[in-house]
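**Student:** I would like to see how this sequence folds:
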Amino acid sequence: MSTEPSTEPLHLAPVPIRLRGCGKHFGGQRVLDPLDLDIGAGETLVLLGPSGCGKTTTLRIVAGLEAPDAGGTVRFGDEEVTAHPIERRRVGMVFQNYALFPNLGVRGNVEYGLRIQRRRNRLSDAQIRARADALLDMMHLTPYAERAIGQLSGGQRQRVALARALAPEPRVLLLDEPLTALDAKLRESVRAEMDRLLRGLGITTVYVTHDQEEAMALADRIVVMDAGRIAQIGTPREIYFQPANRHVADFIGIMNRLDGERQGGAFVCAGGRVAVPAGEGAGAGAASALFFRPEDAVLADPGRAALKGVVESAVFLGFRTRVRVAGVSNAPLFIDVPGRQQFAPGHAVGIEIAADRLLTLQA
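**Tutor:** Below is the predicted model of the structure:
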């Protein structure tokens with residue numbers, strides 16, 4: 001049998017994760033309601049929400065950096081790990097600021113976890129170096145292997161942090177807002193590379209972010225959190241097109257609101273009336289609201305359109321222009337049109353919306 005170190009970069013054994021009744025209080029203040037959550041083996045699950053919603057606390061409970069309140073349990077596959085500290089859970093973690101060791105170079109950072117766990121992993125120096133080489137190659141970092149951390153760009157540091165987290169062959173990969181420190185254009189390219197990498201590795205991944213586009217691009221499923229509770233779990237398409245409530249709808253992209261009332265088969269608002277599918281909206285005469293996305297309406301001739309309003313402003317965004325229209329509802333509406341179309345403030349416009357694009361949402 002050959003004793004040569006494997007040149008395969010990683011041998012990962014992803015596991016499903018199950019949280020049951022995992023809540024958290026700090027100093028008597030509730031920060032996380034008891035929640036149940038199942039994450040499939042090899043799934044990329046994104047915890048999404050604003051600051052203070054409980055997403056990072058949930059990640060830290062999975063990691064073993066925080067213990068859930070009494071009664072909460074965490075399982076990795078068939079193993080209960082609730083009482084296990086992070087070093088016994090075999091998780092890799094990438095922090096928001098990367099937490100790289102400035103006294104170690106690129107190679108030293110990637111090899112660090114392997115060397116401190118040498119007793120468990122039983123790797124020789126040659127095997128440690130071979131695995132680090134494979135990871136450096138995977139992350140396109142080979143030319144920078146001997147550089148100091150301070151000589152790297154933000155994107156390169158992010159890749160070093162990811163390589164370091166993967167080197168010990170974790171069962172679970174945890175990422176806490178890893179792209180926040182990058183500028184917008186670099187963030188988009190790194191995000192695409194990370195998506196390719198995670199899908200290729202097939203590792204169970206829990207990813208925390210407040211960035212909706214990031215969540216949409218990376219997730220198999222998204223958990224939208226609000227005030228320590230799960231507001232909705234679903235695929236990116238489900239979250240966007242079928243939001244469970246107004247919080248989810250408002251947090252994911254832009255959602256327009258039509259204020260008015262249901263009258264028979266129509267919904268009547270300040271700007272006119274629109275047809276709604278049978279069974280949608282409130283009963284006749286009752287105050288209600290309907291919701292729609294900016295891209296689900298079109299601007300039309302006001303003499304023929306169901307709804308009429310006046311352009312307040314138009315913001316050119318390149319491939320699209322976002323038009324702000326007043327006089328239709330209590331608050332202005334936003335309508336997306338092709339970027340080559342131009343609308344001047346004060347211009348009268350009509351709005352057409354297909355009935356199947358109108359949503360009723362719980363508060």
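**Student:** ok, the closest residue to D69 other than its chain neighbours - contacts?
**Tutor:** In space, D69 comes closest to G23 once its chain neighbours are excluded; the distance is 4.7 Å by CB to CB, 6 or more residues apart in numbering. For every residue, glycine as well, the C-beta is placed using N, CA and C. Contacts were defined as CB atoms under 8 Å, 6 or more residues apart in numbering; by that measure G23 touches R30, L32, D33, P34, L35, P68, D69, G72.
**Student:** in which helix or strand would I find G23?
**Tutor:** With the criterion set as DSSP states H and E, the secondary-structure element containing G23 is strand 17-26.
**Student:** which parts of that strand are buried?
**Tutor:** Going by neighbour count (16 or more other CB atoms under 10 Å), the buried part of strand 17-26 is I17, R18, L19, R20, C22, G23, K24.
**Student:** show me where pLDDT drops low in the protein?
**Tutor:** Regions of the chain meeting the criterion pLDDT under 70 cover residues 1-9, 119, 277-287, 363.
**Student:** contacting residues for the residue most central in space within it?
**Tutor:** Central residue of the chain (CA atoms, centre = their mean): A215, 2.3 Å from the mean position. Residues near A215 by CB under 8 Å, 6+ apart: V46, L48, Y207, T209, I222, P236.
**Student:** Tell me if it really is in a helix.
**Tutor:** Yes: the assignment for A215 by DSSP: H, G, I helix; E, B strand; the rest coil puts it in a helix.
**Student:** Can you dump the C-alpha atoms of stretch 144-164 in PDB for me?
**Tutor:** Only the C-alpha atoms of stretch 144-164 are listed here, as PDB (Å, rounded to 0.1, in the frame of the first residue of the first chain):
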ATOM      1  CA  TYR A 144       0.600  33.800  -2.800                       C
ATOM      2  CA  ALA A 145       1.500  30.800  -0.600                       C
ATOM      3  CA  GLU A 146       4.500  32.500   1.000                       C
ATOM      4  CA  ARG A 147       3.100  36.000   1.300                       C
ATOM      5  CA  ALA A 148       2.200  37.700   4.500                       C
ATOM      6  CA  ILE A 149      -1.500  38.300   5.300                       C
ATOM      7  CA  GLY A 150      -0.900  42.000   5.200                       C
ATOM      8  CA  GLN A 151       0.200  41.800   1.500                       C
ATOM      9  CA  LEU A 152      -3.200  40.300   0.400                       C
ATOM     10  CA  SER A 153      -6.300  42.000  -1.000                       C
ATOM     11  CA  GLY A 154      -9.700  41.600   0.700                       C
ATOM     12  CA  GLY A 155     -10.800  38.900  -1.800                       C
ATOM     13  CA  GLN A 156      -7.500  37.000  -1.300                       C
ATOM     14  CA  ARG A 157      -7.900  37.100   2.500                       C
ATOM     15  CA  GLN A 158     -11.400  35.800   2.200                       C
ATOM     16  CA  ARG A 159     -10.100  32.800   0.200                       C
ATOM     17  CA  VAL A 160      -7.400  32.100   2.700                       C
ATOM     18  CA  ALA A 161     -10.000  32.100   5.500                       C
ATOM     19  CA  LEU A 162     -12.100  29.600   3.600                       C
ATOM     20  CA  ALA A 163      -9.200  27.400   2.800                       C
ATOM     21  CA  ARG A 164      -8.200  27.400   6.500                       C
END
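**Student:** So V206 sits against G40, correct?
**Tutor:** No: the pair V206 and G40 does not pass the contact test of CB atoms under 8 Å, sitting 11.5 Å apart.
**Student:** neighbour-wise, which of the two wins?
**Tutor:** A side-by-side neighbour count of V206 and G40, using other CB atoms under 10 Å, places V206 first with 25 against 14.
**Student:** The helix or strand where E111 lies packs against which elements?
**Tutor:** Secondary structure here is read from DSSP H and E; on that basis E111 sits in helix 106-116. Applying 3 or more CB pairs under 8 Å, 6 or more residues apart in numbering; DSSP states H and E, one finds that helix 106-116 contacts helix 125-138, helix 154-166.
**Student:** re the thing from before, relative to R118, which of the contacts of A215 is nearest.
**Tutor:** Compare each of the contacts of A215 with R118 using CB to CB and the shortest gap goes to Y207, at 29.2 Å.
**Student:** quick one: contacts for the closest one?
**Tutor:** Contacts of Y207 were listed using CB under 8 Å, 6+ apart, and they are T44, L45, V46, L47, L174, L175, P178, A215, L218, A219.
**Student:** Out of those residues, which sit inside helices?
**Tutor:** Those of the contacts of Y207 mapping onto helices are A215, L218, per DSSP state H.
**Student:** In ChimeraX, how would I select the buried members of the contacts of Y207?
**Tutor:** In ChimeraX syntax, the buried subset of the contacts of Y207 is picked out as below (16+ other CB under 10 Å):
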select :44,45,46,47,174,175,178,215,218,219
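**Student:** tell me which of the contacts of Y207 is nearest to P143?
**Tutor:** Compare each of these with P143 using CB to CB and the shortest gap goes to P178, at 22.1 Å.
**Student:** Look up phi and psi at the nearest residue to the closest one once chain neighbours are set aside.
**Tutor:** Beyond its immediate neighbours in the sequence, the residue positioned closest to P178 (CB to CB, 6+ apart) is V94, lying 4.7 Å away. Note on V94: its backbone torsions stand at phi -120, psi 120 [degrees, to the nearest 10].
**Student:** State the distance from V94 to A355.
**Tutor:** Computed as CB to CB, to the nearest Å, the V94 to A355 distance reads 45 Å.
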